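Asker: The amino acid sequence is not available; the structure is as follows:
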């Protein structure tokens, strides 16, 4: 009897020890989750100056202002009255300092709930800051931390990065909104494939130049506006590509699953081509020191808009003429892009290097260190074949 | 229920035992160690070659064990090489098993603390594992083999499912160019790929427990073929998903692969958590194999009951897990274990097999 009781009691005791849930569990309701982070050049607000005077801020010169987007509002401000529709679902909070981790831990000094980064979706850096500090320094903590997942996406902001995390649409959380916008690539090839932290790791390690999608924002409205170029050798931002350039890059990389091409016809009227399929092949040729890239673009599409009511688009010769016009237009676009890459910025961000690495690995080993310069002297020939396969539901 | 009391395991169980002894924490760091040695995406070739090398090594061990049915290395070593030499050999092997057991536990604890249970003290993770494993060991080899048989398919299935879901970010171009820098990097990669198979030394005592020792070769080949395939898949998916450059910058590349994408609509959005939880079981099996090897060895070497040995080993395994201070120390221990695995093969089964050949075939002695 005693033995039986002993067994029972000891089992129960062991159960309380082993089954009493997580050691260091914290209730999710008592945490603030941040979903976005924006980095700007330090801008001391009046509040910071006041706090500094009272000894509230470290004395080192501040470099960076980090803005966190914290959700949901309930965890930040207590209950909101329900009838008040259109309440902001997020709260943006900025802190200034010279180390990202230090800034993040400063939130512990001013918020009752700890901020946690397990759900960070977007990481936005202002081009102004990236001109001063290189990207590997700025993203070091983000890549090192165990909370932040590498699936977080990286963007640049033309103006203040913190503004990109603002929206005036009720019920929207800008961090999610921006992230989901990258999914629209099948509608518009001015959108780049989303760059996640893992890709950033790869770019930093390989020291090759790359581009990141730019976000332009004004008074709570944000949109994708071209891309910023980051020079591989220095890791700093050196310039921007326009939306048209980004579209050309999509054509060259063969990435666009959709999108359009706008041209004017012989009567100076607008005609628009909608991409249905796109196949691009870059063929590198190396002859001694001379490097030539043959870019073959093959696409099929639809004539989707025609402003010239004098022509009959169902006629085959009209279609062939339009194909020529579109091809010329695309060739000019790509030519503009190449001028920018090879002459103005002297960088290569359109995937030629990756292609050379696969077809001529030995050559790549030799040139990869100063690939940007080597590419600037290379010849790029573009052959474009566009085919208008149909003209939609109106024959006229 | 039919319970076996004869301490024998089937051929399938032997295979799973060997697979479990190889598959453990190594898979989490494998891509980085291999890629940093070779610096090309062709390292998956290295794993194929080293898999074959390791299988050949294990076949030598199995052949040797087959000559002495029902005996383990700790028993038959003295038949071949004499008592003093056998004692040294067995001690080396025991130290190796204790070291590798501690290492596996430590990596398990480090990963768990970093990704799953931040804030839980390390002893609270390690000690329950030692206790549980010790309890399992009291059940004898049959109990262990059965548990491994349950855990192994689950963990491998989850691993394969998570890899397949990572196809979302898979890019075949990351694995190209194929042999762009020739075969030399593949050879460089061989060094580190042989290391990740360390632990298959348990073959030397496992064959003695087989019900049909004549099928030992088959058991060893499947037992090592499975981890070789899993390692091959790991390299292909991790490099294809992350790229060689990103792998070089990642401490735990395999987990980073799972952390690089989110699956919406599935019950789990983030696959690293289910994967780590399931893989923890595999690391437990892995640890148990070595713990068993060490206990069995000591009990057979000094001819005592296995019970007190199991209990007596607990503090030593804890110590061996806790000795490394920094994460660099842990990885250094991992490398050291890998090297010892190769060295142990050179100084134990190979010479023993040769001596046996000379004595039985050459000198016609009865060994």
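Answerer: Here it is on my side, so go on. Keep in mind the model is a prediction, meaning the values are calculated, not measured.

Asker: can you list the residues of chain B near chain A?
Answerer: Applying CB under 8 Å from any CB of the partner chain, we find that chain B lies next to chain A at B:114-115, B:117-121, B:124, B:128, B:169, B:173, B:176-177, B:180-181, B:241-243, B:245-246, B:248-250, B:256, B:259-262, B:270. To be clear about C-beta, it is placed using only N, CA and C from the backbone, and glycine gets the same treatment.

Asker: Could you tell me which of these count as buried?
Answerer: Buried members of those, scored by 16 or more other CB atoms under 10 Å in any protein chain shown, are B:115, B:117, B:120, B:169, B:176-177, B:180-181, B:241-243, B:245-246, B:248-250, B:256, B:259-261, B:270.

Asker: care to break chain A down by domain?
Answerer: For chain A, the domain assignment from automatic domain parsing gives the residue ranges A:30-241, A:246-390.

Asker: Quick one, which of these gets closest to chain B.
Answerer: domain A:246-390 (2.8 Å; CB to the nearest CB).

Asker: ok, and does that closest one reach over to chain B?
Answerer: Yes: Domain A:246-390 is in contact with chain B by CB under 8 Å from any CB, via A:354, A:357, A:358, A:359, A:361, A:362, A:364, A:365.

Asker: First-to-last residue distance for that domain?
Answerer: Using CA to CA, to the nearest Å, the end-to-end distance of domain A:246-390 comes to 26 Å.

Asker: ok, back up a step: from the buried ones among the residues of chain B next to chain A, which land in strands?
Answerer: Using DSSP state E, the subset of these located in strands is empty.

Asker: which residues of the stretch 201-350 of chain B fall in helices?
Answerer: B:203-206, B:216-242, B:244-248, B:253-259, B:272-301, B:306-322, B:327-347, B:349-357 (DSSP state H, counting those that start in this stretch).

Asker: Looking at stretch A:212-225 now, give me its mean pLDDT.
Answerer: When pLDDT is averaged over stretch A:212-225, the result is 89.

Asker: contact partners of that stretch?
Answerer: Outside stretch A:212-225, the residues that touch it by CB atoms under 8 Å, 6 or more residues apart in numbering or on different chains are A:124, A:127, A:154-160, A:163-164, A:166-169, A:174, A:177-178, A:181-182, A:190-192, A:194-195, A:226-228, A:230, A:240, A:243, A:246.

Asker: can you check stretch B:211-227 too?
Answerer: So stretch B:211-227 is contacted by B:8-12, B:14-19, B:22-23, B:51, B:54-55, B:58-59, B:61-63, B:65-66, B:69-70, B:156, B:197, B:200, B:203, B:207, B:210 (CB under 8 Å, 6+ apart).

Asker: What count of nearby residues applies to residue B:258?
Answerer: 25 (other CB atoms under 10 Å in any protein chain shown).

Asker: and the nearest residue to it once chain neighbours are set aside, how many neighbours does it have?
Answerer: Closest residue in space to residue B:258, ignoring its immediate chain neighbours: residue B:272 at 4.2 Å, by CB to CB, 6 or more residues apart in numbering or on different chains. Residue B:272: 21 surrounding residues under other CB under 10 Å.

Asker: is it true that residue B:272 touches residue B:255?
Answerer: Yes: counting by CB atoms under 8 Å, residue B:272 touches residue B:255, with 5.3 Å between them.

Asker: what sits in contact with each of these two?
Answerer: Common neighbours of residue B:272 and residue B:255 (CB under 8 Å, 6+ apart) are residue B:115.

Asker: what's the strand or helix carrying residue B:91 packed up against?
Answerer: Assigned by DSSP states H and E, residue B:91 belongs to helix B:83-111. Judged by 3 or more CB pairs under 8 Å, 6 or more residues apart in numbering or on different chains; DSSP states H and E, helix B:83-111 is in contact with helix B:26-38, helix B:73-81, helix B:122-138, helix B:272-301, helix B:306-322, helix B:327-347.

Asker: With mean pLDDT and distance to residue A:299 as extra columns, can I get those helices in a markdown table?
Answerer: Shown next, in a markdown table, are these (pLDDT from 0 to 100; distance: least, CB to CB, whole Å):
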| stretch | mean pLDDT | distance to residue A:299 |
| --- | --- | --- |
| helix B:26-38 | 88 | 37 |
| helix B:73-81 | 84 | 67 |
| helix B:122-138 | 92 | 56 |
| helix B:272-301 | 92 | 39 |
| helix B:306-322 | 93 | 60 |
| helix B:327-347 | 86 | 50 |
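
Asker: where in the stretch 151-300 of chain B is pLDDT low?
Answerer: Applying pLDDT under 70 to the stretch 151-300 of chain B flags no residue at all.

Asker: can I get the helices and strands packed on helix B:83-111 in a markdown table with distance to residue A:140?
Answerer: Shown next, in a markdown table, are the helices and strands packed on helix B:83-111 (distance: least, CB to CB, whole Å):
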| stretch | distance to residue A:140 |
| --- | --- |
| helix B:26-38 | 18 |
| helix B:73-81 | 49 |
| helix B:122-138 | 26 |
| helix B:272-301 | 21 |
| helix B:306-322 | 30 |
| helix B:327-347 | 17 |
